[in-house]
Structure formats: C-alpha cells, structure tokens
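Participant: Quick check, what structure comes out for this input:
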Amino acid sequence: MSSKPALIFQHGRLGPPARVAEWLDERGLPYVVHHGGEDGSVTPTDYSFVVSLGSQHSVTATDPPWVRAEISALRGAVDAGVPVLGLCFGGQALSLALGGGIDVLDRPEIGWLPVDTVDGDLVPGGPWLMWHTEQMRVPAGATELARSPAGPAAFTVGPHLAVQFHPEVDVERVAAWAEKDEHLADAGLTADDVVAQSELHAPAAREQAFRMFDRWLAGAVNGHGPGSSGAR
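Facilitator: Just a heads-up that it's a prediction; the model follows:
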C-alpha cells in the first residue's frame, strides 16, 4: 500500500464521507477531504487513490465551476493510473472522465433497492440507497457490473469502480437529505418512508459497503483491477 493518503472529494456539508471515512479509519488508511468550491486545485498523483462522493449538482453543470474542475481531476487520475472510486455523482463524473455520459431519468430513482449484479463478491446485491435524477452510462471499454430498474448501477474499468448508489450513507445522512429533497414526491415517497427503509437496510448495507471497498482497493492496489482479489 502506498504511503500517500487517499483523496476524498466532498460536495457540500450534506454529503460527508460518512461510511467511507469509517472504513478508512478502521483500516488505518490516511485520507484528505477536498471540499468542492472551497479548497484549491489538487494533483491526483499526490494521493494513493481518489473517492468522489455524491452531490446535488449535475455532472453536466458549468456552474459551480468546481464540477468541471473535478471531472478534469478525475481524468488526470485515470491518465496517471491512480485508482478512482465514484459514488453516485462521483460515478457519473467518472463516466464523463472516461468518455461516457449521463441520461436524465423520466422519474427519480430514490429508495433502498436491490441490484442485479454479475459479481456479487465485488458489488453485492444490496439493497442499496438510490437517490438520483440522472443516470450514468457505461463508458466504452468498461464492464457493467450491476443494474437497477433505472439502468447501470455499477461499472469497472482497470482499477476504477463507479456505482450509481450511495454505499457511504447512514440513517442520519438519509434523514437529512429527506428533509430537503423535493424529488421524493415525484418518486412516490415521503421522508418517513425513506427513513424507515434506511433503519431497516442501513446496518447490513454497512457490511456490504466495507466488503465492496475492501475488494475494490485490494484489486486496484495489486494492479489487476477491482474484481481480481479475494479480499473480504
């Protein structure tokens, strides 16, 4: 393992690293949190790997400016062989950095849903928290690993892994989102619905998330891609 810290891109106070930080702390791995729109530019090669979290903004936005800057940074990480893990917005940003794109959904996909997975060891079947109005595409040369009713839920290419869901969330985080998101009604849900689902599914999702993070990182560090390791 490199002695360099990991880099986490955080996009606003409502989207902290949460279980990503818990995982890194439990594994004794150092990390730096970069706050989009607040901190300066970064050099991806200064870090052992990069994690990009969720955001309320679209990856296609030109404002705020940090969105385009982050996609450029992810592209730089890919070009330099620095492993990237993208979560929801971060997965969409990684898709764009790899030449892919996004599609706008007719209806938001929100709630705890299982995914159809081709590699349950790398991407467990969930349920995972979905919370998005745009859908990432699988870039050319990448392998789709999982799918939800809305479309691709995970893909991998080289040492990089993108997921359309939120493995980083806990019940507290979901409750904070549910208080503020106007898209819940469009998905046929209330805040109480989503919090109740989270209380039911979040504990098991933590274990699945840690297993996915471990396996991704072990494969990425070994240089064989996320799915090649026997890590837990």
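
Participant: what ranges do the strands span in the protein?
Facilitator: Using DSSP state E, the strands of the chain run over residues 6-10, 31-35, 50-52, 84-87, 102-113, 116-117, 128-136, 143-148, 151-157, 160-163.

Participant: got those strands as a markdown table, with mean neighbour count, distance to G76 and mean pLDDT columns?
Facilitator: Any C-beta I mention is one placed from the backbone N, CA and C, and that applies to glycine too. Rendered in a markdown table, the data for the strands of the chain read as follows (neighbours: other CB atoms under 10 Å; distance: least, CB to CB, whole Å; pLDDT from 0 to 100):
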| stretch | mean neighbour count | distance to G76 | mean pLDDT |
| --- | --- | --- | --- |
| strand 6-10 | 24 | 11 | 97 |
| strand 31-35 | 16 | 13 | 96 |
| strand 50-52 | 27 | 10 | 98 |
| strand 84-87 | 29 | 10 | 98 |
| strand 102-113 | 17 | 20 | 96 |
| strand 116-117 | 15 | 30 | 96 |
| strand 128-136 | 23 | 20 | 97 |
| strand 143-148 | 19 | 23 | 97 |
| strand 151-157 | 24 | 16 | 97 |
| strand 160-163 | 29 | 13 | 98 |
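
Participant: Please list all residues in contact with the residue nearest the centre of the chain.
Facilitator: Nearest residue to the geometric centre of the chain (CA atoms, centre = their mean): L87, 0.7 Å. By CB atoms under 8 Å, 6 or more residues apart in numbering, L87 lies in contact with V20, V51, S52, L53, G54, V163, F165, H166, P167, E168.

Participant: I'd like the strands of the chain written out as JSON lines, with distance to E179 added.
Facilitator: Formatted as JSON lines, the strands of the chain follow (distance: least, CB to CB, whole Å):
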{"stretch": "strand 6-10", "distance to E179": "19"}
{"stretch": "strand 31-35", "distance to E179": "22"}
{"stretch": "strand 50-52", "distance to E179": "24"}
{"stretch": "strand 84-87", "distance to E179": "21"}
{"stretch": "strand 102-113", "distance to E179": "14"}
{"stretch": "strand 116-117", "distance to E179": "31"}
{"stretch": "strand 128-136", "distance to E179": "13"}
{"stretch": "strand 143-148", "distance to E179": "24"}
{"stretch": "strand 151-157", "distance to E179": "26"}
{"stretch": "strand 160-163", "distance to E179": "24"}
